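**Q** No letters, just coordinates:
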Ligand code: ADP
Ligand code: MG
C-alpha cells in the first residue's frame, strides 16, 4: 500500500499504446503515452473529446490491456483489476435492485471479504449520506448516487482512486459541491487521485498537476503544475493567476482541435479509419 521508494511513482505509465480492432478498421486510441503519478498527488487529465482519456484510465485500472507499453503500480506491472485501485465512472453504476448499503457492500461480496463497517460508516458520514443506507438508487439524486459510488470505491481502501468525468452529468452547483467533497476526502486520506474531466476549472480546483493530452491518438502534449494552496477557496479560484492558467490550458485544447494535423503524429499516419 505504500508509495515505494521516492523514485518509484505510485502509478507509472510508460509508452501506453492502445489499438482497438473494430469492424471498420484499426483505431489507434493511445500512442506511446507516458506519465507518472506520484503518491498523494491529484493529477487531472484533460484533452479533446475522443482523445483517449477513458482508454488511458481503463488501462490504469487494469480493466483492459494495452496493445503495448506498461502501467505500473508501485513499480509492479498491472495486468488486471487490482484491489488497490478504486474507480468512479461518469454514471454511478449502482445496482438498481440493491439499496445503498447493499451496493456499497457488493465489492466485498464479490471478493468474499468482510466489509470494514466502521470505515464505511466514516465514509458515508463524510459524504453526507447518513441515514440513506436503506434507500434505493432511484430514490436518490444524481449527486447522491455519485457520493455512494465514491464510498463504494473508497470502501476497499485503495491507495489510488481513478475518476472518469465523475461529475460531468451533474448540474454546476452540485458539481462544485462534489469538487469540495473530493478535496475534503483527499485532505483526509491523501489517496492518490487521477481525475479525468472536461472542465478546466474543475481540473485546476482539484489538482496538483494538469496533464493535457493531444487529440487522438492521445499522448501527453503539455503538463502544468497547479501551485495554489489548499483548501482552494473561492477567493483563490477568483484570482488572475487561476484565470490565466485556465485560459492557457483551454487554448492548448482548442489549438489541438483546430490544428491536429500540424503537430507531429507519430504512428498515427499508419492507422486508417474508414468512415
Ligand atoms: P475520451 O475518453 O478522451 O473521450 P476514449 O478513450 O473514450 O476517449 O476513446 C478514444 C477513441 O477510441 C475514440 O475514437 C473512441 O471512439 C475509441 N474507442 C473507445 N473505446 C472503444 C472500443 N471499445 N472499441 C473501439 N473503439 C473505441
Ligand atoms: Mg471518456
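**A** Nice, I can see it. Quick caveat: nothing in here was measured; it's all calculated off a predicted structure. Ligands and ions are numbered 1, 2, ... in the order given.
**Q** Tell me where the chain has helices.
**A** 53-61, 100-111, 117-126, 142-155, 172-189, 200-206, 234-237, 240-258 (DSSP state H).
**Q** which other helices and strands contact the second one?
**A** Using 3 or more C-beta pairs under 8 Å, 6 or more residues apart in numbering; DSSP states H and E as the contact criterion, the neighbours of helix 100-111 among helices and strands are helix 117-126, helix 142-155. C-beta here means a position set from N, CA and C on the backbone, and glycine is covered the same way.
**Q** which other residues reach it?
**A** Residues from elsewhere that reach helix 100-111, judged by C-beta atoms under 8 Å, 6 or more residues apart in numbering: 83, 94-95, 98, 114-115, 120, 124, 129, 132-137, 140, 148, 151-152, 155-156.
**Q** Same check on the longest one?
**A** The list of residues contacting helix 240-258 from outside it, by C-beta under 8 Å, 6+ apart, reads 46-48, 51, 200-201, 203-204, 210, 212, 214-215, 221-222, 224, 226, 228, 236, 263.
**Q** Next: the fifth one.
**A** Where contact means C-beta under 8 Å, 6+ apart, the residues beyond helix 172-189 that reach it are 42, 126-128, 141-143, 146-147, 150, 154, 163, 166-167, 170, 191, 193, 195, 199, 202, 205-206, 230-232.
**Q** Just the buried ones from those?
**A** 42, 126-127, 142-143, 146-147, 150, 154, 163, 166-167, 170, 191, 193, 195, 199, 202, 205-206, 232 (16 or more other C-beta atoms under 10 Å).
**Q** Keep only those of these that are also close to ligand 1.
**A** Among the buried ones among the contacts of helix 172-189, not one lies near ligand 1 by C-beta under 6 Å from any ligand atom.
**Q** neighbours of the residue of the stretch 51-200 of the chain found nearest ligand 2, just the number please.
**A** Nearest residue of the stretch 51-200 of the chain to ligand 2: residue 54, at 3.2 Å (C-beta to the ion). Counted with other C-beta atoms under 10 Å, the neighbours of residue 54 add up to 17.
**Q** picking up where we left off before, now intersect the contacts of helix 240-258 with the strands, please.
**A** Using DSSP state E, 46, 210, 212, 221, 222, 224 are the members of the contacts of helix 240-258 that sit in strands.
**Q** Columns neighbour count on top of the residues you listed, output as TSV?
**A** Converted to TSV, those look like this (neighbours: other C-beta atoms under 10 Å):
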residue	neighbour count
46	26
210	26
212	24
221	17
222	16
224	18
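**Q** ok so, going back, show me what contacts the residue of the stretch 51-200 of the chain closest to ligand 2?
**A** 164, 196.
**Q** does any bit of the lowest-mean-pLDDT helix or strand in the chain sit next to ligand 1?
**A** The helix or strand of the chain with the poorest confidence is helix 240-258; it has a mean of 87 (mean pLDDT, DSSP states H and E). No - on the criterion C-beta under 6 Å from any ligand atom, helix 240-258 is out of touch with ligand 1, staying 11.2 Å away.
**Q** going forward, begin numbering at 20 instead of 1
**A** That works, and once the first residue is 20, the last one we named lands at helix 259-277.
**Q** Any stretches of the protein with poor pLDDT?
**A** Within the chain, the segments meeting pLDDT under 70 span 20-25, 275-294.
**Q** Might you enumerate the residues of it proximal to ligand 1?
**A** 39, 41, 46, 48, 68, 69, 70, 71, 72, 73, 74, 235.
**Q** and these, which are buried?
**A** Judged by 16+ other C-beta under 10 Å, buried ones among the residues of the chain next to ligand 1: 46, 48, 70, 71, 72, 73, 74, 235.
**Q** got the contact list for the closest residue to the last one other than its chain neighbours?
**A** Leaving aside its sequence neighbours, residue 235 sits nearest to residue 70 (C-beta to C-beta, 6 or more residues apart in numbering; 5.0 Å). For residue 70, the contact set (C-beta under 8 Å, 6+ apart) comprises 232, 233, 234, 235, 236, 237, 275.
**Q** For the least confident helix or strand of the chain, list every residue counted as buried.
**A** 261, 264, 265, 268, 271, 272, 275.
**Q** Same question for stretch 142-155.
**A** 142, 143, 145, 146, 148, 151, 152.
**Q** Get me the contact residues on the protein for ligand 2.
**A** 72, 73 (C-beta under 5 Å from the ion).
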